[in-house]
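J.: model this:
(one chain, ligands or ions: 1)
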Amino acid sequence: MFDAIVIGAGMSGSWAAKELCERGLKTLMLERGRDVKHIRDYPTTNLNPWEFEHRGQMPEYIIKDNPSIARCYAYREDNAHFFVKDKDHPYDQDKPFDWIRGYQVGGRSLMWARQTQRWSDFDFEGPTRDGFAVDWPIRYKDLAPWYSKVEAFVGIAGNKDGLAILPDGDFLPAWDLNCVIEHFQEVVRNKYDNRHVIFSRCAHLSEPQEIHLQQGRGQCLKRVECERGCPFGAYFSANSSTIPWALKTGNLTLRPHAVVESIRFDEETGKATGVRVIDAQTKEVTEYMADVIFVNAGSINSVSLLLNSTSSRFPNGLGNDHGLLGKYVAFHNYRGKMSAIHEGHQTRTYKGRIPTEGYIPRFRNVRQQETGFLRGYAAGFGARRVKEADEPVGFGATLTESILGKKPSLGPWRVHSHMMGATIPKETNCIRLDESKKDVWGMPLIHISMDYDENDEKMLQDYFEQMTDMFEKAGFVNIQTRDTKQAPGLDIHEMGGARMGHDPKTSMLNKWNQLHHCKNVFVTDGACMTSTSTQNPSLTYMALAARAAHYAADELKKGTL
Ligand SMILES: Cc1cc2nc3c(=O)[nH]c(=O)nc-3n(C[C@H](O)[C@H](O)[C@H](O)COP(=O)(O)OP(=O)(O)OC[C@H]3O[C@@H](n4cnc5c(N)ncnc54)[C@H](O)[C@@H]3O)c2cc1C
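T.: Predicted coordinates:
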């Protein structure tokens with residue numbers, strides 16, 4: 001018997017576990033995948049490009065076998081071992097949905113791009129102002145102290161930008177952006193009232209503080225080999241930070257290879273009693289009991305786990321009296337890409353790398369509705385100097401000679417941007433279980449039905465128009481727009497399905513992320529999201545998880561859970 005169970009050892013679950021353990025609760029963390037120990041299990045972290053069999057490229061047969069993950073920009077030979085292979089864990093799709101997963105201790109916190117922005121009230125008030133989904137039961141003030149707490153522990157490099165749309169935190173120093181990003185920054189500042197290009201805040205230790213050194217983490221050396229796992233713990237991952245911290249309390253039991261099949265419910269007490277677990281290696285079934293349960297399996301898995309947790313009280317899934325569980329799922333629209341050439345700054349270049357670039361916070365429909373679509377988009381912006389066409393040629397000795405013999409001459413600056421659009425949660429974008437098909441554990445197959453809508457198409461065109469205008473004002477030429485037409489899922493920001501709200505009749509979770517109808521179960525990953533806004537979501541998941549865990553510990557102590 002444990003005080004608490006956390007399902008899923010990824011980004012959000014590790015925050016729940018850390019907080020629960022620090023509050024003295026004996027906590028069991030169940031993870032379906034293998035253990036990944038910090039440093040020990042980063043096999044490629046110090047390899048040179050020529051040490052990879054395929055020089056970092058994925059062979060054709062692997063791409064053919066794994067069409068979904070192969071479409072993910074981050075899936076490479078050096079980090080393929082952290083990605084779930086399509087064939088190993090199939091799911092059904094009505095329309096194309098590329099589900100990018102990492103089943104291991106650390107979850108996708110090992111593979112993420114580490115971009116972190118807070119929400120503001122422009123985001124929390126969105127559904128009510130624009131008349132979609134339901135009202136968020138919290139506002140920025142409820143989450144602000146938890147953002148601060150998470151940011152201090154994680155370590156976020158950034159500037160205080162003083163923008164109402166993107167509240168500041170106490171950041172570690174930002175790195176310098178290159179001269180062309182600075183040029184764009186200045187043009188945008190001078191030509192527009194409400195648009196900004198800022199340093200894109202990221203979860204990297206640019207200047208480690210005492211709390212980071214206590215975690216055993218060190219300074220970011222800007223190798224930018226992050227997705228292989230960082231031996232310095234210089235970017236935040238659950239493996240280098242929250243999980244070892246929770247283990248140090250002596251209160252955490254971490255159990256890998258534990259596939260949680262369902263949450264058990266006791267009709268008499270009206271509470272969840274524990275979970276049913278299938279051992280991923282032996283298929284042996286075990287039940288674990290606890291007073292409180294945190295569901296952090298990653299949005300889609302969390303929703304499917306709740307759907308699979310049936311009882312005579314909840315025949316349609318735990319807490320699902322209204323049939324809303326699995327509905328109103330949403331994601332981010334990342335279809336828009338732009339590129340151009342900058343012919344200026346020819347005498348300037350830069351040295352080395354930084355693990356982030358520029359960020360343009362949302363500027364459309366912020367204070368009032370001004371376009372034919374709802375909500376808006378943020379955008380990334382970067383610039384780099386490309387080499388002239390006299391690239392090294394040949395193989396072997398010829399190649400060496402060609403590299404050593406030529407001083408690489410620099411070509412023009414190439415600039416690029418990508419769109420990060422909000423999508424509107426809709427009942428028709430949903431997840432359900434297909435009882436007629438089973439996965440290898442005998443659990444019903446997950447069925448995903450998601451698509452873009454007219455709002456997304458209009459927003460995409462607006463991104464192209466507005467960004468073209470900004471690029472032209474900056475003097476960029478040869479401006480290209482590209483609709484990647486990528487399927488939902490590749491944004492890797494799937495959200496909703498067990499949304500928060502005031503009213504138990506129209507939402508699954510209350511303002512503490514507690515199931516309205518089963519108070520000792522908390523869902524604190526992306527499944528809880530009532531709407532999506534434009535920010536990269538993980539910082540918000542971590543803040544919500546820490547806040548809910550703190551609340552749960554208080555309630556347990558008071559005996560009210
Ligand atoms: C390439 C890439 C780039 C990204 N970039 C960013 C970014 O820049 N910024 C950002 O905010 N986000 C980014 N993300 C998304 C981010 O990684 C996720 O939002 C975040 O990891 C979600 O946290 P989570 O705890 O909900 O899920 P995860 O971190 O995925 O953890 C869920 C865990 O639960 C386990 N699990 C699942 N089902 C079960 C079960 N039934 N029983 C037991 N365990 C289970 C999984 O194995 C996994 O370990 C990126 C992701 C990827 C892959």
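
J.: okay, CA-based contacts and neighbour counts for the rest of this
T.: OK.

J.: Run a quick check on residue 360 versus residue 378, I expect a contact.
T.: Yes. The pair residue 360 and residue 378 passes the contact test of Cα atoms under 8 Å, sitting 5.6 Å apart.

J.: pLDDT on stretch 440-453, on average?
T.: Summarised as a single mean, pLDDT over stretch 440-453 is 95.

J.: which outside residues touch it?
T.: The contact list for stretch 440-453, computed with Cα atoms under 8 Å, 6 or more residues apart in numbering, reads 90-97, 261, 278, 280, 283, 304, 308, 329-330, 423, 428-439, 487-488.

J.: from the middle of its chain, how far away would that stretch be?
T.: 20 Å (Cα atoms, centre = their mean, to the nearest Å).

J.: Surely residue 549 forms part of a strand?
T.: No. Assessed with DSSP: H, G, I helix; E, B strand; the rest coil, residue 549 is helix; it does not lie in a strand.

J.: Give me the nearest residue to it, chain neighbours excluded.
T.: residue 16 (5.4 Å; Cα to Cα, 6 or more residues apart in numbering).

J.: and that neighbour, what element?
T.: Take DSSP states H and E as the rule and residue 16 turns out to sit in helix 11-22.

J.: I'd like to know the average pLDDT value across the next helix or strand after that helix.
T.: As assigned by DSSP H and E, the chain's next helix or strand after helix 11-22 is strand 27-30. Strand 27-30 comes out with an average pLDDT of 98.

J.: residues of the longest strand seen in the chain that come out buried?
T.: Counting by DSSP state E, the longest strand found in the chain is strand 410-422. Buried residues in strand 410-422, counted by 16 or more other Cα atoms under 10 Å: 410, 412-422.

J.: Ok, stretch 359-369 next?
T.: Neighbour-count burial for stretch 359-369 [16+ other Cα under 10 Å]: 359-365.

J.: swap in stretch 302-312?
T.: Going by 16+ other Cα under 10 Å, stretch 302-312 has these buried residues: 302-310.

J.: May I ask which helix or strand of this structure has the lowest mean pLDDT?
T.: In the chain, no helix or strand scores lower on mean pLDDT, DSSP states H and E than helix 396-405, which sits at a mean of 75.

J.: Pull that helix out as PDB, backbone CA atoms only.
T.: Output in PDB follows, covering the C-alpha atoms of helix 396-405 (Å, rounded to 0.1, in the frame of the first residue of the first chain):
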ATOM      1  CA  GLY A 396      38.200   9.500 -49.200                       C
ATOM      2  CA  ALA A 397      41.400  11.300 -50.000                       C
ATOM      3  CA  THR A 398      39.800  13.500 -52.500                       C
ATOM      4  CA  LEU A 399      37.200  14.600 -50.000                       C
ATOM      5  CA  THR A 400      39.900  15.300 -47.300                       C
ATOM      6  CA  GLU A 401      41.900  17.300 -49.800                       C
ATOM      7  CA  SER A 402      38.800  19.200 -50.900                       C
ATOM      8  CA  ILE A 403      38.000  20.100 -47.300                       C
ATOM      9  CA  LEU A 404      41.500  21.000 -46.300                       C
ATOM     10  CA  GLY A 405      42.300  22.800 -49.500                       C
END
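
J.: Show me which positions of that helix end up buried.
T.: For helix 396-405, a neighbour-count test (16+ other Cα under 10 Å) marks residue 402 as buried.

J.: Quick check: the residue nearest to residue 549 touching residue 294?
T.: Yes. Look at residue 16 against residue 294 with Cα under 8 Å: they come within range, at 7.4 Å.

J.: so what's the residue nearest to residue 549 up against?
T.: 6, 294, 542, 545-546, 548-549.

J.: Can I get the residues you listed in a markdown table including secondary structure and pLDDT?
T.: Shown next, in a markdown table, are these (DSSP: H, G, I helix; E, B strand; the rest coil; pLDDT from 0 to 100):
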| residue | secondary structure | pLDDT |
| --- | --- | --- |
| 6 | strand | 99 |
| 294 | strand | 99 |
| 542 | helix | 98 |
| 545 | helix | 98 |
| 546 | helix | 98 |
| 548 | helix | 98 |
| 549 | helix | 98 |
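
J.: Which pair in the residues you listed has the greatest spatial separation?
T.: Farthest apart among those by Cα to Cα are 6 and 542. That separation is 13.7 Å.

J.: Close to the ligand: what parts of the stretch 1-150 of the chain are there?
T.: Within the stretch 1-150 of the chain, the positions near the ligand by Cα under 6 Å from any ligand atom are 7-13, 30-33, 74, 100, 102-109, 111-116.

J.: and what of the stretch 401-550 of the chain?
T.: So far as Cα under 6 Å from any ligand atom goes, the stretch 401-550 of the chain lies against the ligand at 492-493, 525-526, 536-539.

J.: hmm, try it at 5 Å
T.: By the rule Cα under 5 Å from any ligand atom, the part of the stretch 401-550 of the chain lying against the ligand is 525, 536-538.

J.: Got a quick ChimeraX command for the buried subset of the residues you listed?
T.: In ChimeraX, this line selects whichever of those come out buried by 16+ other Cα under 10 Å:
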select :525,536,537,538
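
J.: For the residues of the stretch 401-550 of the chain next to the ligand, give me a markdown table that also has pLDDT.
T.: A markdown table is the format used below for those (pLDDT from 0 to 100):
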| residue | pLDDT |
| --- | --- |
| 525 | 98 |
| 536 | 98 |
| 537 | 98 |
| 538 | 98 |
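
J.: Taking the residues of the stretch 401-550 of the chain next to the ligand, tell me the two that lie furthest apart.
T.: Spanning the widest gap among these are 525 and 536, at 13.2 Å by Cα to Cα.

J.: List phi and psi for the residue lying closest to residue 212 once chain neighbours are set aside.
T.: In this structure, residue 212 finds its nearest non-sequential neighbour in residue 153, 6.8 Å apart by Cα to Cα, 6+ apart. Residue 153 has phi and psi values of phi -80, psi -40 when expressed as degrees, to the nearest 10.

J.: do the same with residue 287
T.: phi -120, psi 140.

J.: likewise residue 500?
T.: phi -80, psi 150.

J.: Check residue 68 too.
T.: According to degrees, to the nearest 10, residue 68 has phi -70, psi -60.

J.: and the nearest residue in space to it that is not next to it in sequence, how many neighbours?
T.: Excluding the flanking residues, the one nearest residue 68 by Cα to Cα, 6+ apart is residue 98, at 4.9 Å. Here the number of neighbours of residue 98 (other Cα atoms under 10 Å) works out to 22.

J.: residue ranges of the strands in the stretch 51-200 of the chain, please?
T.: 92-93, 198-199 (DSSP state E, counting those that start in this stretch).

J.: The residue nearest to residue 229 when sequence neighbours are not counted sits in which helix or strand?
T.: In space, and not counting its chain neighbours, residue 229 is closest to residue 42: 5.5 Å by Cα to Cα, 6+ apart. Counting by DSSP H and E, no helix or strand carries residue 42.

J.: Would you mind measuring from residue 42 to residue 207?
T.: For residue 42, the distance to residue 207 (Cα to Cα, to the nearest Å) stands at 23 Å.

J.: what are the ranges of the strands in the stretch 351-500 of the chain?
T.: So, for the stretch 351-500 of the chain - with DSSP E, counting those that start in this stretch - the strands run 358-360, 377-387, 410-422, 430-438, 444-449, 477-483, 495-497.

J.: Just the residues contacting stretch 76-89, thanks.
T.: Counting by Cα under 8 Å, 6+ apart, 44, 52, 54-58, 65-69, 75, 100-104, 110-111, 227-228, 439 sit against stretch 76-89.

J.: In helices, which of these fall?
T.: 65, 67-69 (DSSP state H).

J.: mind giving me the domain ranges of this protein?
T.: 1-135+236-331+426-450+493-561, 158-200+335-374+376-423+452-487 (automatic domain parsing).

J.: Out of the ones you listed, which is closest to residue 149?
T.: The nearest among the domains of the chain, by Cα to Cα, is domain 1-135+236-331+426-450+493-561 at 7.8 Å.

J.: Alright, calling it a day.
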